[in-house]
Structures are given as C-alpha cells and as structure tokens.
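Engineer: sequence isn't available, so here's the structure alone:
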C-alpha cells in the first residue's frame, strides 16, 4: 500500500499530463461562472478551508474567487440546495454543521440507497456503463498512488454516482444525489487517515469485482457495508482530531 507522507495534508489536484492545458481551459470556460464558483467553494468546504459553523464572508470570498457578488450568491444558492450551507435573510451564509447523530442517520439511509443501486445496476447496467465505471476505478487508483486525496475523492464520488445512475431508477438517483451531497464533506474527511484510506481502496476493489461479475447480492451487501465503514472512519477521525486538540492545549 502507498504510505502518505502527511496524515492531514490534502494536495491540490494534479493535472493529467495527457491533456493539453488549452483543452482544460476550454472546458472550464464552458462552465457557467456561478457553477465554477460553487465547485471551488465546495472544495473549500470538504477540505475544511471553510469549516462547519463558519459564517461565509461574501466580499472576501468573491475577491478570493475573482468573481462578482452576483455569481457568488447564485453559487451559494446551489450549495444550499446541496445542504452544504445555510442561507439566512439579511445575515448571510453559514457552512452547515451536522451533528454526529445526523451523520449516522443520513449514512444509514444512504447505505440502503446505494445497496439498492448496486443491486439494480448489476441487472440493468449496459456493458458500456460498466466499462466506464471500471475506467473511473483505474483513474481513482492512480490518484491514490499519487496521494492526491482530493482528486481521489472526486473520482470515488463519480464511481458511486455512476453505479446508482446505472440502476436506471430516477427516483433512487434523485434521492441518493440529495443525501449524498449533504454528506460530501463527511465522506471526504473519513479517509484522511492512512490506514483507513487503504481500507477504502480494498473495499472498492471488491465492489468493482462484484459489479463486473454482475453479482447483485454481493454488490448490494458490499455497498451497504462500505457506507457503514464510512461512519466508523468518520468517528475515528473525530477521535484523532479531539486528541490532537487536547495535546495542543
């Protein structure tokens, strides 16, 4: 297994060497400014650059992102729909802070949804969809080897969303996307410790094997247990952070 040099460091996304910078710039330019801002703020939240319970200083953030207040406010509305922030009239926006119990409850629901998604994906996914998910898996392994946690996490999320999307059940896809977005930061933070990150890789190898074999029962169980492990890793990370604060004090 790859060993991280820094337990808490989250490197910036590495740019794929196989693609030209001009192509990347064209893709970014095609994304609406508000969506670009929302993507950047979302990354700041999951990496704790904007912490739970923290009020967002709109003027400073607009300058940091080099956008005007209008697209910034549109971005904040997008993130409120995802459950990552809360907007208060005439007061501003604050980063959502979930209690441990709220995290547990949401993960329980998400585990059931992903279990169902895995089951249906084995039955309904096309060969092309499974091939695309496998390709994402290999990209994720490459990000893991580079110790690039943010790129790894985004590919990880694309895999989970793609498996659920392959179920072909629109109600499931919509409900899963909403709850998953609310747990975006939690799922990122759960893999900050080295040993736990390696465990997630092992679990994903088993998930991919079951999907390729179209073993619906095995994949359903793996998906459900995988989310259960996320809560255990999240809790462990809280314990480590609390111990670090105590040592610092």
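Structural biologist: That came in fine, so what should we check first? Model, not experiment: these values are computed from the prediction.
Engineer: so where do the helices sit in this structure?
Structural biologist: Using DSSP state H, the helices of the chain run over 21-30, 33-46, 58-65, 69-82, 100-124, 127-145, 149-165, 170-182, 184-189, 194-213, 216-248.
Engineer: quick one: closest of those to residue 52.
Structural biologist: Taking C-beta to C-beta, helix 184-189 is the member of the helices of the chain nearest to residue 52, at 7.5 Å. In this view, the C-beta of every residue, glycine as well, is placed from N, C-alpha and C.
Engineer: and the closest one, what does it pack against?
Structural biologist: The helices and strands touching helix 184-189, judged by 3 or more C-beta pairs under 8 Å, 6 or more residues apart in numbering; DSSP states H and E, are helix 33-46, helix 149-165, helix 216-248.
Engineer: rerun at 10 Å
Structural biologist: When contacts are defined as 3 or more C-beta pairs under 10 Å, 6 or more residues apart in numbering; DSSP states H and E, helix 184-189 sits against helix 33-46, helix 100-124, helix 149-165, helix 216-248.
Engineer: so which of those comes closest to residue 138?
Structural biologist: Closest of the helices and strands packed on helix 184-189 to residue 138 is helix 149-165, at 9.4 Å (criterion: C-beta to C-beta).
Engineer: returning to that earlier point: winner for burial among the helices and strands packed on helix 184-189?
Structural biologist: The highest average neighbour count among the helices and strands packed on helix 184-189, using mean count of other C-beta atoms under 10 Å, belongs to helix 149-165 at a mean of 21.
Engineer: tell me the angle it makes with helix 170-182.
Structural biologist: Here the directions of helix 149-165 and helix 170-182 differ by 160 degrees (axes from the mean of the first three to the mean of the last three C-alpha atoms, to 10 degrees).
Engineer: between helix 149-165 and helix 127-145, how many degrees?
Structural biologist: Comparing the axes of helix 149-165 and helix 127-145 via the same axes, to 10 degrees yields an angle of 160 degrees.
Engineer: what angle separates helix 149-165 from helix 100-124?
Structural biologist: For helix 149-165 against helix 100-124, the angle by the same axes, to 10 degrees is 60 degrees.
Engineer: would you single out the least confident of the helices and strands packed on helix 184-189?
Structural biologist: Ranked by mean pLDDT, the helices and strands packed on helix 184-189 end with helix 216-248 at the bottom, a mean of 75.
Engineer: residues near residue 61, how many?
Structural biologist: 20 (other C-beta atoms under 10 Å).
Engineer: sorry, back to before: export the helices of the chain as JSON lines, with columns for distance to residue 91.
Structural biologist: What follows is the helices of the chain, written out as JSON lines (distance: least, C-beta to C-beta, whole Å):
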{"stretch": "helix 21-30", "distance to residue 91": "32"}
{"stretch": "helix 33-46", "distance to residue 91": "18"}
{"stretch": "helix 58-65", "distance to residue 91": "11"}
{"stretch": "helix 69-82", "distance to residue 91": "12"}
{"stretch": "helix 100-124", "distance to residue 91": "22"}
{"stretch": "helix 127-145", "distance to residue 91": "38"}
{"stretch": "helix 149-165", "distance to residue 91": "30"}
{"stretch": "helix 170-182", "distance to residue 91": "21"}
{"stretch": "helix 184-189", "distance to residue 91": "22"}
{"stretch": "helix 194-213", "distance to residue 91": "37"}
{"stretch": "helix 216-248", "distance to residue 91": "28"}
